[in-house]
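K.L.:
predicted model and sequence follow; I will ask about them next.
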Amino acid sequence: MVYEYLFPLSVMYPGTFGMFNVFQYITFRAAMAASTAMVLGVALGPWFIQWLIHMKIGQTIRGEGVKDLYEKHKDKAGTPTMGGTLILASVALSILIWGNLHNQLVLTAMTVTMALGLLGFIDDYTKLKKKEYKGVRARQKLFVQFGVGLGLGAMLYFLHPLSPEQPYGLSLPFIKHTFIPLGILYIPFVACVVTGTSNAVNLTDGLDGLASGCFAIVGLAFAALCYVIGRVDASEYLDLLYIPHSGELTVFMMALVGATAAFLWYNAHPADVFMGDTGSLALGGALGAVAVLIKQEILLFIIGGVFVMESLSVMIQVYSFKLRGKRVFKMAPIHHHFEMMGWPETTIVVRFWIMAAIFAFLGLATLKMR
């Protein structure tokens, strides 16, 4: 709303409202979006947590077949969950204030985020209603996630090509001007990216502050990418495909980073609240959608290395047990493997944050290795 209503005043009445000219700058609005989301999250956090406690919205701890893990986490039983609702509310209010509400890329990313947040909300609610660890069936969840991804891919393919020169394909890191056309396969490819990223963040959300801290780091890296790719001069200098109007996604990503950082204030060990699937599915979906919208899907696998590592550990564990009857890890996702090895929870979380930062730096470094 600030951009929509106040910036035009600086053009019409420069003498009186010249100061409002600052609202045209993406960097300023991105910083303010992050600050707004952070202040909202921190300020509303205590009230929101008390409301969750009053409504008896507490976490059910996984127990069957994993007695050792249950013993480690039994003290967390009953901790308020569905904290992702606060993250999404903070982001929505921040974007409403500081975002360009006519920007189709921002509206698309918000739609994907909220759709998967709704799926996570239903999943969390089902768990609470059944008082079980499992909520919506895995196949049903995958069906909806893939459907949201297909919708995004179809919209981009048929209605809104991101770049007239290279609308439906895959750009590669490390190599200049290399583009793989996908044609109609672009639609299921987008669905796989959104579904995979959404599930990857969801799998990472297993320890206090793990998913939220890693997402904040990855989100900062993608905010920088959105800004660069949305500028003709910077994208040309770095040999990146210029995506018109994608700079506004910087504001969106920084709002997510601010809201997640605020949530981390209450999610740090020992956590006062968990984000639940409401938060993890939405954050993962947002990350996947933005990667698609700026055509950096492959770079997502590098910058989001921790999320990839968590997902791969689960796949390796499952297929190893099916094919060999043996497990590779003491438990998957891999953060639980280190837990079973005796690492303290805070040690695992901080070391994973460090790895997330390393992956983010490596991913950004590829911009100069083309």
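P.N.:
Thanks, I have the structure now. Just so it is clear, the structure is predicted and the values come from calculations on it, not from any experiment.
K.L.:
for stretch 343-360, what is the average pLDDT?
P.N.:
Model confidence over stretch 343-360, given as mean pLDDT, is 96.
K.L.:
likewise for stretch 308-325?
P.N.:
On average, stretch 308-325 scores 93.
K.L.:
nearest residue to the middle of this structure?
P.N.:
Taking Cα atoms, centre = their mean, the centroid of the chain lies closest to residue 283, which sits 3.0 Å from it.
K.L.:
which ones are touching it?
P.N.:
Going by Cβ atoms under 8 Å, 6 or more residues apart in numbering, residue 283 touches 84, 87, 113, 201, 211, 215, 256, 260, 275. Using the backbone N, CA and C atoms, a C-beta is placed for each residue, glycine as well.
K.L.:
over to residue 94?
P.N.:
Per Cβ under 8 Å, 6+ apart, neighbours of residue 94: 33-34, 36-37, 40, 255, 258-259.
K.L.:
quick one: buried residues of the host helix or strand of it?
P.N.:
Using DSSP states H and E, the element containing residue 94 is helix 84-98. For helix 84-98, the neighbour count (16 or more other Cβ atoms under 10 Å) marks 84-95, 97-98 as buried.
K.L.:
where in the stretch 51-200 of the chain is pLDDT low?
P.N.:
59-75, 131-133, 160-167, 176-177 (pLDDT under 70).
K.L.:
for it, what spans make up the strands?
P.N.:
169-171, 179-181 (DSSP state E, counting those that start in this stretch).
K.L.:
relative to residue 239, which of those strands is closest?
P.N.:
strand 169-171 (10.1 Å; Cβ to Cβ).
K.L.:
dump the contacts of residue 283 into JSON lines; add distance to residue 168 as well.
P.N.:
Shown next, in JSON lines, are those (distance: Cβ to Cβ, whole Å):
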{"residue": "84", "distance to residue 168": "32"}
{"residue": "87", "distance to residue 168": "32"}
{"residue": "113", "distance to residue 168": "23"}
{"residue": "201", "distance to residue 168": "26"}
{"residue": "211", "distance to residue 168": "32"}
{"residue": "215", "distance to residue 168": "28"}
{"residue": "256", "distance to residue 168": "27"}
{"residue": "260", "distance to residue 168": "31"}
{"residue": "275", "distance to residue 168": "34"}
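K.L.:
among these, which lie within helices?
P.N.:
Members of these lying in helices (criterion: DSSP state H): 84, 87, 113, 201, 211, 215, 256, 260.
K.L.:
span of stretch 335-349 from start to end?
P.N.:
Its start and end residues considered, stretch 335-349 measures 8 Å (Cα to Cα, to the nearest Å).
K.L.:
who wins for neighbours among the contacts of residue 94?
P.N.:
The most crowded member of the contacts of residue 94, judged by other Cβ atoms under 10 Å, is residue 255 (36 neighbours).
K.L.:
and it, how far from residue 200?
P.N.:
Going from residue 255 to residue 200 by Cβ to Cβ, to the nearest Å gives 21 Å.
K.L.:
same thing with residue 106?
P.N.:
Using Cβ to Cβ, we find residue 106 at a distance of 23 Å from residue 200.
K.L.:
between the two, which one's more packed in?
P.N.:
residue 200 (26 against 23).
K.L.:
I'd say the more buried one and residue 312 touch.
P.N.:
No: here residue 200 does not reach residue 312: they are 9.3 Å apart, not a contact under Cβ atoms under 8 Å.
K.L.:
what about the helices in the stretch 251-370 of the chain?
P.N.:
276-293, 297-303, 305-324, 334-340, 345-365 (DSSP state H, counting those that start in this stretch).
K.L.:
residues in contact with the closest residue to residue 128 other than its chain neighbours?
P.N.:
In space, and not counting its chain neighbours, residue 128 is closest to residue 57: 6.0 Å by Cβ to Cβ, 6 or more residues apart in numbering. The contact partners of residue 57, by Cβ under 8 Å, 6+ apart, come to 80-82, 128.
K.L.:
quick one: neighbours of residue 315, just the number.
P.N.:
The tally of other residues near residue 315 (other Cβ under 10 Å) stands at 10.
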